[in-house]
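Asker: what follows is a protein structure lacking sequence information:
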């Protein structure tokens, strides 16, 4: 319990030395996004393939308010959390009534509803070109335009989110969600209102996604259309799975690996999603269980051979 | 009046293609119990193959025969090499695998055919309009309605009236029992995937002369196929047709008055239907 925390603190301090501050910030933002998904995927056993709905909606709404109405950063982040939670409540309400493969398909289809709305509503979202000009307003007199200061701010928020998520999954609520994951019928029989708890998991996950979405918009100064598309939904699922959805720290490790990989690949080749697709296929066929297990397997093999 | 009628006919034509997509997906999803995120990519391959083969040999009809078979073969390979190894894995890994395949296929389409869309004209015989009495209507779309109708009918005949079709329906209901009865379940899975891929491929081939070709056509259609299955139910033939026609006609009618909303309306209709009937149109499972 202590060791992962120390490792993360070390990573937070060393990361800006290794990569550009923007990439370093993106890693922790994506980790917040992943924490939100993992409450659904890892702890409740709900495979949502529509997380970018909440990420993107929050980014558009808060970004637009900051850009047009000069809303301050604190309020914008709060609004982002609210929009993320509210959109998750709507999507969740429609999805939790179905299970299994239907559930997965519905999260994707509703993601498409939000995506095409953003795609066509060009007067606000800019459609395919994205919504540029999102400012990074000062907060309590601190100027966030300095990339390192913004990085510190993002890191602090990430640590807060990690602490909060740890509290949530260890709380009675977290235990109920895990009970639903393990045996939905029994959880229902014991007297828990399963759909309502699933919906609650959605709303909490949506709030985390919304926060990540606003931080993302402030980081790059733009809300790209991809932020609300299936691409981001797929990326966060992939990041969480390679990190290992079984643990609290899985999505953190996953976003570390994923952002680093995608940033280094995308600068090399415009068709890098092809490589990403191959990575998906290879991971699934050969490295199921995530990085942690792969490392374990690898070291076992290594030592056994000696 | 004739304008509205023509729009409804348009909706029926595309709705039948949506039904084909949903039918193929529901066979794969129902029998193999996997989320097939590569279904849209298979559809796109069907469209591109049709245009390429038709241009290469100068015959639309042979291309219409060959292109979907090519997609079925691709489906066969995908099942045999990859998906077969994932039946014991969770839905999360199955999803990641098929999503990865979709990325590989759609990026390969861009590499092979370029990132810019193109149009493809229907064959000579089917160009121009036919007089239906109340409106002039493009011949090719009438052909699509007929062809898609025949395909749905053929699928129904296969599933309901043949021995192998009965086995397939049994497979959707209870896989263990089917395999206990001594039926090669692995073979059944492979056949189901190839058949679903064939239906996706022919839907793509048929739509190419109407909508043209572009690299994002696959993922756009994937969402629609999901809508059809979510509303119509897994392995429900009638449900797929009803759902396909409802969203096809709704889309065509909205497109006539508010073009920008024509894609959103598909998903909005789904959301409204689910609000009223969470279990889908026919309420199975």
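Answerer: Received the coordinates, thanks. Keep in mind that what you see is a predicted model, and the values were worked out from it rather than measured.
Asker: now residue 234. Its backbone dihedrals?
Answerer: All of this refers to chain A. Dihedral angles of residue A:234 (phi, psi; degrees, to the nearest 10) stand at phi -70, psi -40.
Asker: can you look at chain B instead?
Answerer: According to degrees, to the nearest 10, residue B:234 has phi -70, psi 130.
Asker: how about it, nearest residue that isn't a chain neighbour?
Answerer: Closest residue in space to residue B:234, ignoring its immediate chain neighbours: residue B:30 at 4.0 Å, by C-beta to C-beta, 6 or more residues apart in numbering or on different chains. Yep, even glycine has a C-beta here, placed from its N, CA and C like the rest.
Asker: surely the one you found touches residue B:237?
Answerer: No: using C-beta atoms under 8 Å, residue B:30 is not in contact with residue B:237; the gap is 11.0 Å.
Asker: need the overlap of contacts for the two.
Answerer: Residues touching both residue B:30 and residue B:237 (C-beta atoms under 8 Å, 6 or more residues apart in numbering or on different chains): there are none.
Asker: mind checking how far residue A:73 is from residue A:29?
Answerer: 14 Å (C-beta to C-beta, to the nearest Å).
Asker: same question, residue A:23
Answerer: 11 Å.
Asker: between the two, which one's more packed in?
Answerer: residue A:29 (26 against 18; other C-beta atoms under 10 Å in any protein chain shown).
Asker: give the contact list for residue B:220.
Answerer: Per C-beta under 8 Å, 6+ apart, neighbours of residue B:220: B:40, B:263.
Asker: off-centre distance for whichever helix or strand it is part of?
Answerer: Secondary structure assigned from DSSP states H and E places residue B:220 in helix B:217-232. The chain centroid and the centroid of helix B:217-232 are separated by 8 Å under C-alpha atoms, centre = their mean, to the nearest Å.
Asker: which parts of the next helix or strand along the chain from that helix are buried?
Answerer: With elements assigned by DSSP H and E, the helix or strand that comes after helix B:217-232 is helix B:237-257. Residues of helix B:237-257 classed as buried by neighbour count (16 or more other C-beta atoms under 10 Å in any protein chain shown): B:237, B:239-256.
Asker: and what of stretch B:265-281?
Answerer: B:265, B:266, B:267, B:268, B:269, B:270, B:271, B:273, B:274, B:280, B:281.
Asker: check those residues and tell me the two furthest apart.
Answerer: Spanning the widest gap among these are B:265 and B:280, at 18.3 Å by C-beta to C-beta.
Asker: okay, how far is it across stretch A:64-73, tip to tip?
Answerer: With C-alpha to C-alpha, to the nearest Å as the measure, the ends of stretch A:64-73 fall 12 Å from one another.
Asker: next one: it to chain centre, how far?
Answerer: Using C-alpha atoms, centre = their mean, the offset of stretch A:64-73 from its chain centre is 23 Å.
Asker: can you pull the buried residues of that stretch?
Answerer: A:64, A:65, A:66, A:67, A:71, A:73.
Asker: residues in contact with that stretch?
Answerer: Among residues not part of stretch A:64-73, those counted as contacts by C-beta under 8 Å, 6+ apart are A:62, A:75-76, A:79, A:124, A:131, A:133-139, A:144, A:218.
Asker: in helices, which of those fall?
Answerer: Under the assignment DSSP state H, the contacts of stretch A:64-73 contribute A:62, A:75, A:76, A:79, A:124, A:218 to helices.
Asker: now these: which count as buried?
Answerer: A:62, A:76, A:79, A:218.
Asker: tell me the one of these nearest chain B?
Answerer: Nearest to chain B among these is residue A:62, at 22.2 Å by C-beta to the nearest C-beta.
Asker: looking at stretch B:161-181 now, give me its mean pLDDT.
Answerer: When pLDDT is averaged over stretch B:161-181, the result is 84.
Asker: out of the buried residues of stretch B:265-281, who's nearest chain A?
Answerer: Distances from chain A to those, taken by C-beta to the nearest C-beta, are shortest for residue B:267, at 3.5 Å.
Asker: contacts for stretch A:92-101, please.
Answerer: Taking C-beta under 8 Å, 6+ apart as the rule, stretch A:92-101 contacts A:46, A:48, A:103, A:106-107, A:110, A:184, A:195, A:198-199, A:201-203, A:206, B:29, B:33-35, B:91, B:230, B:234, B:271, B:274-275, B:278-279.
Asker: pull out the buried members of those residues.
Answerer: Judged by 16+ other C-beta under 10 Å, buried ones among the contacts of stretch A:92-101: A:46, A:48, A:103, A:106-107, A:110, A:184, A:195, A:198-199, A:201-203, A:206, B:29, B:33-35, B:91, B:230, B:234, B:271, B:274.
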